[in-house]
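>>> Here you go, sequence then predicted model.
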Amino acid sequence: MQRQMRAMRQQVEDDDQLSTLMRGLRGQNIDDRDFAEENVRMQLVEIDSSYEGDALPLVYDPDQIAAYWSKRPVAVMTRVLQLMSIAGGFFSSIIVDLITGNIEKNDVLRARQIREIVTSLGPAYIKLGQALSIRPDILSPAAMNELQQLCDKVPSYDNEIAMELLRQELGKDWQEIYSELSPKPVAAASLGQVYKGRLRSTGEAVAVKVQRPYVLETVSVDLYVMRRIGFALRKVPQITTDVVGLLDEWATRFFEELDYVNEGKNGTKFAEQMAEDLPQIVVPKTYSEYTSRKVLTTSWLEGEKLSQSTADDVGDLVNIGVICYLKQLLDTGFFHADPHPGNLIRTPDGRLAILDFGLMTQVSNDIKYGMIEAISHLIHRDYEAIVQDFVTLEFIPEGVDLSPILPVLAKVFDQALEGGGAKNINFQELAADLAQITFDYPFRIPPYFALIIRAIGVLEGIALVGNPDFALVDEAYPYLAKRLLTDNSPRLRKALKYMVYGRGTVFDADRLIDLLEAFETFSANAESSKSVGKHKDKVESDRTSSNSPFRPPLPPFGFPTPPALPAPSPARAFLGTSNRASLAGTNSNAESREALKFIFSSEGEFFREFLVDEIVRGIDAVSRLQANSTAKTLGLENMYIPVLLPGAVKRALPVGPEVSEEDKLVVENVSKILAFLASGKNGHLDTASVVSELMPVLPELATELLPEVSSRLVSRTAARTIRDIYVRE
């Protein structure tokens, strides 16, 4: 598989356009410097937003913004003159391109011009340019490449202004809250600048972010102007993109980023969602009592950018990052919407810190389940279902004729799958192919998916530096398996059945074993991660307890140690939710497979139902195979038993029952599954050890499952006998 992945990547590198797009999707063109170049200047609208009895909305409302600025034509004209003085030549060039039909031809040149002038235009244009830089359905790969080199770093503003704003927001002079505060900001961006300080109350090191003055005014007037332009562009037939809709979608999230209280709550919520399953993920703690709409106080965090780290554990942290983003996408639905290398930090103790929660995206259950359903359809190459999945996932609008898109998607996925199935897909290259389709068909990249591409792409790009053979799906597939096997939602249970049955009636034993092995991999990694996390928590706790209570030094990473996780339960509940018999094999010396423990756990209830059904089918098939074989051995294969029942279609049945190819396949598949489950965790069959570990639950297993198996077997046999006697073939 690694050889196949290397060959696929080489093919992409040989294609200039795809290579450029892949670099963009991996964030390899992003300028993540901490400070701006000296010659950068930013023009802002310096106006009191609350005079004349009205105020700008704190939540994006285009109508209220329009009403506000329509009363201030002088301020609007001043801003327009600022924009024209900086970008007048660029707008003239766009008009010429529209007239001459050279929009596509000159897109790279225009993107380069935007990159060169946009920083001076202020935060709205900087953020909009960065948002467009991950939209392959809107811009060409080369244009994305140029926009991704935008730098969000600008010169800092006057410290006295920052300290006065801090006093107004928190109601106290900074000296009353912080015992120390750096004399100059340690970083400055378009929205604000960051100081390093120490809380007077606890002595903890903190980061203090103070918003730049006049940001709300500048952003809102720019949006007002851009929407006016967007409405005008609707009259231009060459432009098919809904500029106003795209702008409103982006502006809603941008206004959320202006509220630092919201950012602090987002970080807290994100940390709580990751704490139990991923203790190696850390998030700076928010001090809400020292946070307001324009001031954010969080714990200080030491570390280095993951993309620049040379530590041996970078590959492991990338894997954790992949699982973290999959958990956001497929589980919590609370997705970090600003994924780039500067927001992924390796802490000194080897954890992965994620920063900046101003922009978050909520992924609906429909999208979460739709992603997994699409993967199950992809595995079976059910392209008709996949096209419908793309409608569910918002790639294709409702009501579009899907017939011309189906063969194109089939070709793309056939090429992606030819290396050996869905597990060998390079999803980044698949995303690049899908991006190309957007230029020829009514097919768009949804905003949430653009963020997913960026997040996963950034992690893959970091991993490939140290490991050219890195395969994203190797890390993602175990998590997907865990979700399929343990989620009790009807849609995912249906997706699981489709995964192992497809459109047929006989399950695929090899695919099911593949899923169970992936689940075992996830379980082992999760336990290892928790053990490491608890060990590091203890080390940090010991270190902290030995420090002076009056003036604790800066911790090695600037956030409180996450609370210790409860020790894993020594035994799992068996059969349902009651605390009845439990497996003895959950300790590290157990020989039984994790998959077998899962089946006997409360989480495995649905899987047990499936397994019981297949065991019944297997017993039925084996009994008929044996009866057929015995009849042949005794020379009775041509003998019949008379049927004396009234209304029977058949007057006699053969002594040796008919055996179909499906019966043989069922027996083979059930045998494979049972052999897999009975083998030890090292893959060696050790029936005695497995039985010994299961001994505490075997009595209850026999009490609850054997009658069920017997009942279903009798029902199945009776139904088949009635069908054979009374149904005409």
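Okay, I see it.

>>> only C-alpha atoms for contact and neighbour calcs from this point on.
Noted.

>>> Residue 335 and residue 391: what is the separation?
For residue 335, the distance to residue 391 equals 21 Å [CA to CA, to the nearest Å].

>>> same thing with residue 330?
The value you get for residue 330 to residue 391, if CA to CA is used, is 18 Å.

>>> Between those two, point out the one with more neighbours.
residue 330 (22 against 17; other CA atoms under 10 Å).

>>> burial measure for the residue nearest to residue 233 when sequence neighbours are not counted, as a count.
Excluding the flanking residues, the one nearest residue 233 by CA to CA, 6 or more residues apart in numbering is residue 239, at 7.1 Å. Per other CA under 10 Å, the neighbour tally for residue 239 reads 12.

>>> now swap in residue 518 and tell me
Count around residue 518 with other CA under 10 Å applied: 22.

>>> Tell me how far it lies from residue 497.
Distance from residue 518 to residue 497, by CA to CA: 17 Å.

>>> do residue 345 as well
From residue 345 to residue 497 the distance is 39 Å (CA to CA).

>>> neighbour-wise, which of these two wins?
Here residue 345 and residue 497 are compared on neighbour count by other CA under 10 Å; more neighbours surround residue 345, at 24 against 17.

>>> Just give the nearest non-adjacent residue to that one, would you?
residue 305 (4.5 Å).

>>> That neighbour - how many residues pack around it?
16.

>>> Next: residue 72.
10.

>>> That one and residue 362: what is the separation?
For residue 72 relative to residue 362 (CA to CA), the value is 36 Å.

>>> quick one on the thing from earlier: which phi and psi does the residue nearest to residue 345 have?
Backbone torsions of residue 305, given as degrees, to the nearest 10, read phi -60, psi 130.

>>> ok, back up a step: from residue 396, how far out is the residue nearest to residue 233?
19 Å.

>>> Any stretches of the stretch 251-400 of the chain with poor pLDDT?
Judged by pLDDT under 70, the stretch 251-400 of the chain has no weakly predicted residues.

>>> Which stretches in it count as strands?
281-282, 295-299, 304-305, 334-336, 344-346, 352-354, 360-362 (DSSP state E, counting those that start in this stretch).

>>> I'd like to know which of these is closest to residue 622.
strand 334-336 (49.1 Å; CA to CA).

>>> elements contacting that closest one?
Helices and strands touching strand 334-336, by 3 or more CA pairs under 8 Å, 6 or more residues apart in numbering; DSSP states H and E, are strand 360-362.

>>> Show me what counts as buried in the strand it packs on.
360-361 (16 or more other CA atoms under 10 Å).

>>> before we move on, what about stretch 184-193?
The neighbour-count criterion (16+ other CA under 10 Å) identifies 185, 187-193 as the buried residues of stretch 184-193.

>>> re earlier: show me what contacts the residue nearest to residue 345?
341-346 (CA atoms under 8 Å, 6 or more residues apart in numbering).

>>> want to throw the residues you listed into CSV with distance to residue 595?
Listed next are the contacts of residue 305 as CSV, based on distance: CA to CA, whole Å:
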residue, distance to residue 595
341, 36
342, 39
343, 36
344, 33
345, 34
346, 33
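
>>> Between these, which sits nearest residue 412?
Among these, and counting by CA to CA, the member closest to residue 412 is residue 341, at 29.6 Å.

>>> Apart from its chain neighbours, what residue comes closest to that closest one?
With CA to CA, 6+ apart, the residue lying closest to residue 341 is residue 307, at 6.0 Å.

>>> ok, now how distant is that neighbour from residue 278?
20 Å.

>>> one step back: closest to residue 610 out of the contacts of residue 305?
So of those, ranked by how close each gets to residue 610 (CA to CA), first place is residue 344, at 41.5 Å.

>>> and the nearest residue to that closest one once chain neighbours are set aside, what is it in contact with?
Nearest non-adjacent residue to residue 344, counting by CA to CA, 6+ apart: residue 354, 5.1 Å away. Going by CA under 8 Å, 6+ apart, residue 354 touches 281-283, 343-345.

>>> Quote the end-to-end distance of stretch 284-301.
7 Å.

>>> Now tell me which helix or strand of this protein has the poorest mean pLDDT.
Least confident helix or strand, the chain: helix 2-14 with a mean of 48, by mean pLDDT, DSSP states H and E.

>>> ok now stretch 175-192, how far from the chain's centre?
33 Å (CA atoms, centre = their mean, to the nearest Å).

>>> Distance-wise, check residue 340 relative to residue 82.
31 Å.

>>> hang on, I meant residue 339
When residue 339 is compared with residue 82 (using CA to CA), they lie 31 Å apart.

>>> Could you check which of those two is surrounded by more residues?
residue 339 (25 against 17).

>>> Could you verify my assumption that the more buried one touches residue 453?
No. The pair residue 339 / residue 453 is not scored as a contact, 9.6 Å apart, by CA atoms under 8 Å.

>>> Now name the helix or strand holding residue 95.
helix 73-100 (DSSP states H and E).

>>> gap between the two ends of stretch 195-209?
6 Å.

>>> right, and residue 632 touches residue 657 too?
No. Taking contacts as CA under 8 Å, residue 632 lies outside contact range of residue 657: 10.7 Å.

>>> Between the two, which has more neighbouring residues?
In this view residue 632 and residue 657 are compared by other CA under 10 Å, and residue 657 has more residues nearby, 17 against 14.

>>> The more buried one and residue 713, how far apart?
16 Å.

>>> swap in residue 633?
On the measure of CA to CA, residue 633 and residue 713 end up 26 Å apart.

>>> for residue 310, same thing?
Counting by CA to CA, the gap from residue 310 to residue 713 is 60 Å.

>>> do the same with residue 326
Taking CA to CA, one finds residue 326 at 41 Å from residue 713.

>>> With residue 637 instead?
Residue 637 is 24 Å from residue 713, by CA to CA.

>>> again, but for residue 612
Counting by CA to CA - residue 612 and residue 713 are separated by 10 Å.

>>> what's the answer for residue 345, then?
The gap separating residue 345 from residue 713 is 57 Å, by CA to CA.

>>> Let me know the pLDDT of the residue nearest to residue 233.
Listed pLDDT for residue 239 reads 72.

>>> more crowded one of residue 612 and residue 713?
residue 713 (19 against 16).

>>> quick one: contacts for the residue of the chain positioned farthest from its centre?
Most distant from the centre of the chain: residue 644, at 63.8 Å, with distances by CA atoms, centre = their mean. Residue 644 is in contact with residue 651, counting by CA under 8 Å, 6+ apart.
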